[in-house]
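**Q** test case, fold it:
(one chain, ligands or ions: 1)
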Amino acid sequence: MVPARLTQLVVCPICHAKLRINEDFTKLRCIQCGKRYRITDGIPVLLPGAAEETLNFPAGLSDL
Ligand SMILES: [Zn+2]
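**A** Numbering: from 1, shown residues only. Next up, the predicted model:
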């Protein structure tokens with residue numbers, strides 16, 4: 001279980017805005033840019049390269 005106060009300690013590594021945690025404590029989402037970050041074993045993976053876009057990219061872009 002991730003303490004609720006975690007979201008007061010961590011910020012988005014890309015835009016440095018606050019992050020919000022989801023209901024089941026598996027993801028953090030930036031309130032500004034919308035990037036999502038996984039929480040693995042209670043540890044948020046706050047790496048720009050690990051960010052998941054909330055918006056979908058055009059199909060095929062990830063296949064490059
Ligand atoms: Zn952000």
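
**Q** what number of residues lie near the residue nearest to K35 when sequence neighbours are not counted?
**A** Setting aside the residues directly before and after it, K35 is nearest to A51 in space (C-beta to C-beta, 6 or more residues apart in numbering), at 4.0 Å. (C-beta placed from N, C-alpha, C; glycine too.) Look at A51: counted by other C-beta atoms under 10 Å, it has 20 neighbours.

**Q** what segments of the protein are helices?
**A** For the chain, helices defined by DSSP state H occupy the ranges 6-9.

**Q** and it, which residues reach the ion?
**A** By C-beta under 5 Å from the ion, the residues of the chain that approach the ion are C12, I14, C15, A17, C30, Q32, C33.

**Q** so the fifth one sits against C12, correct?
**A** It refers to C30. Yes. Taking C-beta atoms under 8 Å as the definition, C30 is a contact partner of C12 at 3.9 Å.

**Q** which residues are common contacts for those two?
**A** K18, L19 (C-beta atoms under 8 Å, 6 or more residues apart in numbering).

**Q** sorry, back to before: for I43, state which of the residues of the chain next to the ion is nearest.
**A** The nearest member of the residues of the chain next to the ion to I43, counting by C-beta to C-beta, is C12 at 16.3 Å.

**Q** list the contacts of that closest one.
**A** Going by C-beta under 8 Å, 6+ apart, C12 touches K18, L19, C30, Q32, C33, K35, L46.

**Q** ok, and the closest non-adjacent residue to the fifth one?
**A** With C-beta to C-beta, 6+ apart as the measure, C15 is the residue that lies nearest to C33, at 4.8 Å, once sequence neighbours are left out.

**Q** and for that neighbour, the neighbour number?
**A** Neighbours around C15, by other C-beta under 10 Å: 12.

**Q** one more: L47?
**A** Burial of L47 is recorded as 11 neighbouring residues (other C-beta under 10 Å).
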